[in-house]
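1. Structure, please.
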Amino acid sequence: MRLTGGFNKGNKLNTKLLKKVRPTASKVREAIFNILGSDIVDAQVLDLYAGSGIVGFEALSRGANSVMFVDISKKVLEEIKKNHIFTLNAKNKTFHGKAASVLKIFADVGVRFDFIYIDPPYKSDELETVLPIIGKIDILNDDATVIVEHFYKTRVQEQNGYIFFKKKYIYGDTVLSLFIHK
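-> Model (predicted):
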């Protein structure tokens, strides 16, 4: 698996555990960062349900200030820590636990983000849990963007607290739903 843009474009990531995760396809990653454009530069990023960590690594390669990788699998997070891009910045962190619990911890300690990428397992009800939490707790900076990757048959609510649906992009069976924070 290779990065598609930024200063590490073309670099291959450690993919030892890819049999256990569904990495975001390169065309979808490119679309995400085309949508975000230069807003990713110096951004505080949350990669929720990080899996391979590829979206967080793309953000770092394209100039993000730091990335917080959250996943329920300790093994996955250990693999993320082994990738060279992760170690380039001491601000990058991994967090083990259920997404809803980690989000509440971030809110309690005052961590805020410019960009949140959410990619739960396609056949789960995680979006129904985490989107309302993100919309209600104070973890988003002004004009923050939330992008949800989901299966095309999955419906997402258009308003969740203070995040509002803006647009969706379809790539085969994959949909990117874009939310903005107001």
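2. pLDDT below threshold where in this structure?
-> Along the chain, segments meeting pLDDT under 70 span 2, 4, 7-8, 10, 14-22.
3. now the strands for it?
-> 44-48, 66-71, 93-96, 113-118, 140-151, 159-160, 163-171, 174-181 (DSSP state E).
4. what helices or strands is the first one leaning on?
-> On a contact count with 3 or more C-beta pairs under 8 Å, 6 or more residues apart in numbering; DSSP states H and E, strand 44-48 meets helix 54-61, strand 66-71, helix 99-109, strand 113-118. Just so you know, the C-beta spots here come from the backbone N, C-alpha and C atoms, and that holds for glycine as well.
5. my read: Asp142 touches Tyr162, true?
-> No - with contact taken as C-beta atoms under 8 Å, Asp142 and Tyr162 are classed as non-touching, separated by 10.6 Å.
6. one step back: tell me which of the strands of the chain is the most buried.
-> strand 44-48 (a mean of 26; mean count of other C-beta atoms under 10 Å).
7. thinking again about what came up before, could the helices and strands packed on strand 44-48 go into TSV alongside distance to Lys167?
-> Below are the helices and strands packed on strand 44-48 laid out as TSV (distance: least, C-beta to C-beta, whole Å):
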stretch	distance to Lys167
helix 54-61	18
strand 66-71	24
helix 99-109	23
strand 113-118	15
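8. Pipe the strands of the chain into CSV and attach distance to Lys9 per row.
-> As requested, the strands of the chain are exported to CSV (distance: least, C-beta to C-beta, whole Å):
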stretch, distance to Lys9
strand 44-48, 18
strand 66-71, 17
strand 93-96, 24
strand 113-118, 19
strand 140-151, 20
strand 159-160, 34
strand 163-171, 20
strand 174-181, 21
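9. and Glu30, which of these is closest to it?
-> Across these, Glu30 has its closest neighbour in strand 163-171 (10.0 Å, C-beta to C-beta).
10. got the contact list for the closest one?
-> 25, 27-28, 31, 35, 131, 134-135, 140, 146, 152, 156-159, 175-182 (C-beta atoms under 8 Å, 6 or more residues apart in numbering).
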